[in-house]
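Asks: Provide a 3D model corresponding to the input given below.
(one chain, ligands or ions: 1)
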Amino acid sequence: MKYVEEFRDPKAAKALLAAIARVTDQIGATRDHPVRIMEICGGHTHAIFRYGLDKLVHEGIEFIHGPGCPVCVLPMARVDECIEIAERPEVIFTTFGDAMRVPGAKGSLLQAKSRGADVRTVYSPLDALELARRNPDREVVFFGLGFETTTPSTALSIQQAAREGLTNFTVFCNHITVPPPLKALLDDPMMQLDGFVGPGHVSMVIGVHPYDFIADDYGKPLVVAGFEPLDLLQSVLMVLEQIRDGRAEIENQYARVVPEHGNPVSLAAIADVYEPRPSFEWRGLGEIDASGLRIRDRYLVYDAETKFGIGYAAAGGRTPVAEPEGCSCGAVMTGRMKPTACAQFGRGCTPDTPLGALMVSSEGACAAYWTYGGARLMEPAE
Ligand code: SF4
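Replies: Numbering: from 1, shown residues only. The predicted model follows:
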């Protein structure tokens, strides 16, 4: 297939849905005893709801939404730390638009901007580099955020800053990796998962082998998937077939984009610039060993935490911040609760008045439910 329409072909979708129904019946899954498949990536969550796949598949399949929205997994304390940097008078704080309205305990970057902080939206860390070149008397900080998909571009910007000898450019590094939180979820006895739809964009960078432990150590299937409806339906079918056949393998449905061993140029840039942090705090999961990346010593002058003595580099350590009263972001983010079961969904929390990042991020599960279901999904108030 060459064109996007071919990945949305209704006839092919019907055939896949029929095959999914057949295999689900062969497994014996029902609405009361469903097969629980976690789509890790927030982009997949949105695609499932945008195309109504959750309604179209056999009722014996339950989609569990995973922790693959990089903005959503940021804990409140981390948002506060970035506002602390942004509010310094010498700083121009640059960020992707997605992070502007994410609330911390001290408000959002947008609110910090309205209070006078110089916060600017950029489309690439290279835009932040250009700002640093044009403003040699200011400190330009880039909000480095995201999984392995965005990590290489931040690494390349740091390498470029080093080549140019820029001294007024730093990165507030919040880059994280997908495998450690999956291990944390699999180690949780409360999580009943039968298989995974693996992230397409992240896997483009890291390849498929970092997921081997899911099949080898936990006996669960994972299929790396694309983002079109037929991609997702085919991936779900591949997961179901493995479950029916008693197999646990890592398969690649998105082979047209995802190389088995990832992208060597991106992986080399990541290895050159970053090393694993001992641990990193995730919303809803707490500190997870080796799940975040920090800037290596040789590039430490480009590390905003070190330069400003904030976050993990703060002299007195970090202060965790509890989620707001009644907010269930952590439970939703880790697939323990559906967005509609949060008492705040559609009441205290809407896209206009978000309480949590999951309602404002373009990859957040609550935003997906609200965008494609809206107020009709609200559970009656008790
Ligand atoms: S509805 Fe709002 S408060 Fe509840 S989990 Fe979603 S983002 Fe968090």
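
Asks: can you name the residues in contact with stretch 326-345?
Replies: In this structure, residues lying in contact with stretch 326-345 by Cβ atoms under 8 Å, 6 or more residues apart in numbering are 38, 64-67, 69, 72-73, 185, 190-191, 193, 283-285, 323, 348-349, 355-358, 365-366, 368-370, 373, 377-379. For glycine as for every other residue, the C-beta is placed from the backbone atoms N, C-alpha and C.

Asks: is it true that residue 129 touches residue 163?
Replies: No. The pair formed by residue 129 and residue 163 falls short of the contact definition of Cβ atoms under 8 Å, at 10.7 Å.

Asks: ok, these two, which is more surrounded?
Replies: Higher neighbour count among residue 129 and residue 163: residue 129, with 22 against 8, using other Cβ atoms under 10 Å.

Asks: which parts of the helix or strand where that one lies are buried?
Replies: Take DSSP states H and E as the rule and residue 129 turns out to sit in helix 125-134. By neighbour count, with 16 or more other Cβ atoms under 10 Å as the criterion, the buried positions of helix 125-134 are 125, 128-129, 131-132.

Asks: swap in stretch 177-192?
Replies: Applying a neighbour-count criterion of 16+ other Cβ under 10 Å, one finds 177-186 buried in stretch 177-192.

Asks: quick revisit: quick check: next helix or strand after the helix holding residue 129?
Replies: The element immediately downstream of helix 125-134 (helix or strand, assigned by DSSP H and E) is strand 139-146.

Asks: which other helices and strands contact that following strand?
Replies: Strand 139-146 is packed against helix 76-86, strand 91-95, helix 125-134, helix 151-164, strand 169-175, with contacts defined by 3 or more Cβ pairs under 8 Å, 6 or more residues apart in numbering; DSSP states H and E.

Asks: what pairs with it, parallel or antiparallel?
Replies: Strand partners for strand 139-146, identified by DSSP bridges, are recorded as strand 91-95 (parallel), strand 169-175 (parallel).

Asks: tilt between the longest one and helix 125-134?
Replies: Calculated by axes from the mean of the first three to the mean of the last three Cα atoms, to 10 degrees, strand 169-175 forms an angle of 160 degrees with helix 125-134.

Asks: chain center to strand 169-175: distance?
Replies: Computed by Cα atoms, centre = their mean, to the nearest Å, the chain-centroid distance of strand 169-175 equals 17 Å.

Asks: so for it, mean pLDDT?
Replies: Taken as a whole, strand 169-175 carries a mean pLDDT of 97.

Asks: now swap in the first one and tell me
Replies: Across strand 91-95, pLDDT averages out at 98.

Asks: check the offset of it from the chain's centre.
Replies: The offset between the C-alpha centroid of strand 91-95 and the centroid of the whole chain comes to 22 Å, using Cα atoms, centre = their mean.

Asks: so which elements touch the next helix or strand after it?
Replies: Elements were assigned by DSSP H and E; along the chain past strand 91-95, the next helix or strand is helix 109-114. In this structure, helix 109-114 makes packing contacts with helix 76-86, strand 119-121, judged by 3+ Cβ pairs under 8 Å, 6+ apart.

Asks: kindly reformat these as TSV containing mean neighbour count, distance to residue 96 and mean pLDDT.
Replies: Rendered in TSV, the data for the helices and strands packed on helix 109-114 read as follows (neighbours: other Cβ atoms under 10 Å; distance: least, Cβ to Cβ, whole Å; pLDDT from 0 to 100):
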stretch	mean neighbour count	distance to residue 96	mean pLDDT
helix 76-86	22	12	94
strand 119-121	19	7	98
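
Asks: ok, which of these comes nearest the ligand?
Replies: Of all the helices and strands packed on helix 109-114, helix 76-86 sits nearest to the ligand, with 11.2 Å by Cβ to the nearest ligand atom.

Asks: other residues contacting the closest one?
Replies: Taking Cβ under 8 Å, 6+ apart as the rule, helix 76-86 contacts 91, 93, 95, 99, 102-109, 112-113, 117-119, 141, 143, 172, 174, 281, 283, 304-305, 308, 310-311, 318-323.

Asks: quick revisit: can you add mean neighbour count and distance to the ligand and give the strands paired with strand 139-146 back as CSV?
Replies: Listed next are the strands paired with strand 139-146 as CSV, based on neighbours: other Cβ atoms under 10 Å; distance: least, Cβ to the nearest ligand atom, whole Å:
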stretch, mean neighbour count, distance to the ligand
strand 91-95, 23, 19
strand 169-175, 27, 19
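
Asks: sorry, back to before: residues in contact with the helix holding residue 129?
Replies: Defining contact as Cβ under 8 Å, 6+ apart, one finds that helix 125-134 is touched by 92, 94, 120, 122, 138, 140-142, 144, 153-154, 156-157, 160-161, 164, 166, 168-169, 171.

Asks: likewise for stretch 233-251?
Replies: Stretch 233-251 is contacted from outside by 13, 16-17, 19-20, 23-24, 26-27, 35, 37, 53, 57, 61, 194-198, 208-209, 211-212, 214-215, 218-226, 253, using Cβ under 8 Å, 6+ apart.

Asks: drop anything exposed from the residues you listed.
Replies: Among the contacts of stretch 233-251, those buried by neighbour count (16+ other Cβ under 10 Å) are 13, 16-17, 19-20, 23-24, 27, 35, 37, 53, 57, 61, 194-198, 208, 211, 214-215, 218, 220-226, 253.

Asks: what about those, which are in helices?
Replies: With helices defined by DSSP state H, the entries of the buried ones among the contacts of stretch 233-251 inside them are 13, 16-17, 19-20, 23-24, 27, 53, 214-215.
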